[in-house]
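S.K.: give me a 3D structure for the following:
(one chain, ligands or ions: 1)
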Amino acid sequence: MSSWAEVVGQEQAVGVLQAAAQAARNPQSQRAMTHAWLITGPPGSGRSVAARAFVAALQCSHPTENGCGNCEDCRQVWAKTHPDVTDFATEKSIISVEEVRSFMHAAQTAPSRGKWRVILLEDADRMVERTSNLLLKAIEEPPARTVWVLCAPSPEDLITTIRSRCRQVNLRVPPVKDVAQLLMRKHAVEWETAYQAASLAQSHIGIAHRLITEEGRVEQRYQQLADLLQIENVGEAIFYVEEMLKENKQQVEEELATRNAREEAELKRILGLTDREKVPPAMRSQLTQLQEEQKRRAVRAVKDPLDQLLVNLLSFFRDVVVMQAGVNHPPINQGYQDLLVAVALSSTLQDTYRKVNAIEIARKRLQSNTSVNLIFEALAVELIQ
Ligand SMILES: [Zn+2]
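M.R.: The predicted model follows:
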């Protein structure tokens with residue numbers, strides 16, 4: 001199947017990228033190829049998939065198609081093993097100067113199969129200014145056959161000077177029905193199941209996939225909201241929040257523990273130490289650096305599921321607004337009719353607006369250093385009033 005079939009609900013962006021890939025094949029128009037691309041789009045819109053489809057189309061060796069999805073080149077791009085593609089997706093919070101230097105080095109190397117040398121940076125927004133300036137230099141003077149493809153949530157996430165040197169392609173939030181079709185194709189599920197997952201995920205493709213593949217996820221999401229809505233007084237609210245945060249922290253710590261240990265073992269191996277050996281003082285700064293990175297990651301990992309809970313809650317009360325205002329519009333929370341009706345009948349539209357506002361404030365505060373306990377206690381109290 002064509003590489004482009006992986007990109008859902010993005011006809012306009014796909015049109016631009018396909019045209020560029022087509023022009024890049026033609027020796028007459030090749031020289032006009034843009035050497036730096038910036039693909040932006042909200043989380044879950046499929047930025048990295050769109051970027052990869054584009055790279056596959058550039059490298060594709062099919063005689064007539066661009067990004068056939070079947071040739072050796074296409075397959076290697078998708079498997080992240082193509083010799084002419086330097087891939088960088090980070091789970092770290094920040095891309096380091098050393099890493100940018102390694103991309104710059106790769107960018108200077110000619111492609112081995114005679115097409116393009118591509119540097120694909122999935123999280124180009126995770127750079128501090130000094131690193132960005134280094135990247136800027138590389139993008140300013142690219143060798144004739146090098147193409148940079150950067151991805152970020154929005155153009156504003158990059159410094160202006162980088163932004164202005166890239167050709168920008170913006171993805172939109174894909175329509176629910178397009179995400180549902182993708183789920184049907186990938187997971188062989190019924191339309192209703194696929195549509196519910198796509199709708200609950202509010203078109204976030206990654207979350208929609210998880211709702212389908214991880215057993216009990218849909219039920220868990222429902223139960224979490226149902227429990228929250230049952231809170232009747234401040235005492236219960238505080239108890240609920242404490243329990244919920246404790247559980248979340250524990251779960252995240254368990255998930256990270258194995259990974260952190262693996263990274264430390266890997267670092268020791270690189271330093272030429274055995275697993276049991278202590279890191280000598282001269283090498284300790286590298287270990288400290290890794291541990292700091294792990295700490296930053298843990299903070300994010302704790303906040304991500306909490307933000308997701310707020311997003312779910314927000315979607316729920318928006319559905320309540322729609323119902324209370326008498327607007328004929330299908331709810332995001334498909335299958336939550338009983339909860340929606342109960343809340344809509346027992347409160348006023350004004351109450352609901354106040355709750356929506358409180359949730360939005362909680363989301364903003366979650367991005368700051370405010371204690372999560374304080375944020376959620378305040379919110380839980382708002383929701384029962
Ligand atoms: Zn191909």
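S.K.: and the strands in the stretch 101-250 of the chain?
M.R.: Counting by DSSP state E, counting those that start in this stretch, the stretch 101-250 of the chain has strands at residues 117-121, 146-152, 167-170.
S.K.: for the ion, find the nearest of these.
M.R.: Closest to the ion of the strands of the stretch 101-250 of the chain, according to C-beta to the ion: strand 117-121, at 14.3 Å. Quick note: C-beta positions are derived from backbone N, CA and C, even for glycine.
S.K.: quick one on the thing from earlier: could you export the strands of the stretch 101-250 of the chain as a markdown table, including mean neighbour count?
M.R.: As requested, those are exported to a markdown table (neighbours: other C-beta atoms under 10 Å):
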| stretch | mean neighbour count |
| --- | --- |
| strand 117-121 | 25 |
| strand 146-152 | 25 |
| strand 167-170 | 17 |
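S.K.: care to break the protein down by domain?
M.R.: Domain assignment for the chain by automatic domain parsing gives 3-170, 176-214, 234-384.
S.K.: end-to-end on the shortest one?
M.R.: With C-alpha to C-alpha, to the nearest Å as the measure, domain 176-214 spans 20 Å from end to end.
S.K.: cool, and the longest one?
M.R.: End-to-end span of domain 3-170 (C-alpha to C-alpha): 19 Å.
S.K.: residues of the stretch 1-150 of the chain that sit close to the ion?
M.R.: Counting by C-beta under 5 Å from the ion, the positions of the stretch 1-150 of the chain adjacent to the ion are Cys60, His62, Cys68, Cys71, Cys74.
S.K.: ok, the residue nearest to Asp125 when sequence neighbours are not counted - how many residues close by?
M.R.: The shortest distance from Asp125 to any residue other than its chain neighbours is 3.6 Å, reached at Asp157 (C-beta to C-beta, 6 or more residues apart in numbering). Around Asp157 there are 18 other residues, counting by other C-beta atoms under 10 Å.
S.K.: and the domains of the chain as a markdown table, adding mean pLDDT?
M.R.: Output for those, formatted as a markdown table (pLDDT from 0 to 100):
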| stretch | mean pLDDT |
| --- | --- |
| domain 3-170 | 90 |
| domain 176-214 | 96 |
| domain 234-384 | 91 |
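S.K.: okay if I get the ones you listed as TSV plus distance to Gln224?
M.R.: Below are the domains of the chain laid out as TSV (distance: least, C-beta to C-beta, whole Å):
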stretch	distance to Gln224
domain 3-170	19
domain 176-214	12
domain 234-384	7
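S.K.: chain center to stretch 200-207: distance?
M.R.: Computed by C-alpha atoms, centre = their mean, to the nearest Å, the separation of stretch 200-207 from the middle of its chain amounts to 11 Å.
S.K.: kindly export it (C-alpha atoms) in PDB.
M.R.: Provided in PDB are the C-alpha atoms of stretch 200-207 (Å, rounded to 0.1, in the frame of the first residue of the first chain):
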ATOM      1  CA  LEU A 200     -13.200   9.600  22.600                       C
ATOM      2  CA  ALA A 201      -9.700  10.300  21.500                       C
ATOM      3  CA  GLN A 202     -10.800  13.600  19.900                       C
ATOM      4  CA  SER A 203      -9.000  12.500  16.700                       C
ATOM      5  CA  HIS A 204      -5.600  12.100  18.500                       C
ATOM      6  CA  ILE A 205      -4.400   9.100  16.400                       C
ATOM      7  CA  GLY A 206      -2.000   7.700  19.000                       C
ATOM      8  CA  ILE A 207      -4.600   7.800  21.800                       C
END
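S.K.: and the contacts of it?
M.R.: With contact meaning C-beta atoms under 8 Å, 6 or more residues apart in numbering, stretch 200-207 is reached by 8-9, 43-46, 49, 173-176, 179, 182, 208, 211, 218, 221, 308, 311-312, 315, 332-334.
S.K.: mind checking the SS state of Val302?
M.R.: Per DSSP: H, G, I helix; E, B strand; the rest coil, the secondary structure class of Val302 is helix.
S.K.: mind listing what it touches?
M.R.: Applying C-beta under 8 Å, 6+ apart to Val302 gives the contacts Asn248, Lys249, Val252, Val372.
S.K.: now swap in Lys355 and tell me
M.R.: Phe317, Glu382, Leu383.
S.K.: cool, Arg113 as well?
M.R.: So Arg113 contacts Gln59, Ser61, Asp73, Pro83, Asp84 (C-beta under 8 Å, 6+ apart).
S.K.: identify the farthest-apart pair in the residues you listed.
M.R.: The most widely separated members of the contacts of Arg113, counting by C-beta to C-beta, are Ser61 and Pro83 (13.0 Å).
S.K.: follow-up on the earlier one: show me which of the contacts of Arg113 are buried.
M.R.: Buried members of the contacts of Arg113, scored by 16 or more other C-beta atoms under 10 Å, are Gln59, Asp73, Asp84.
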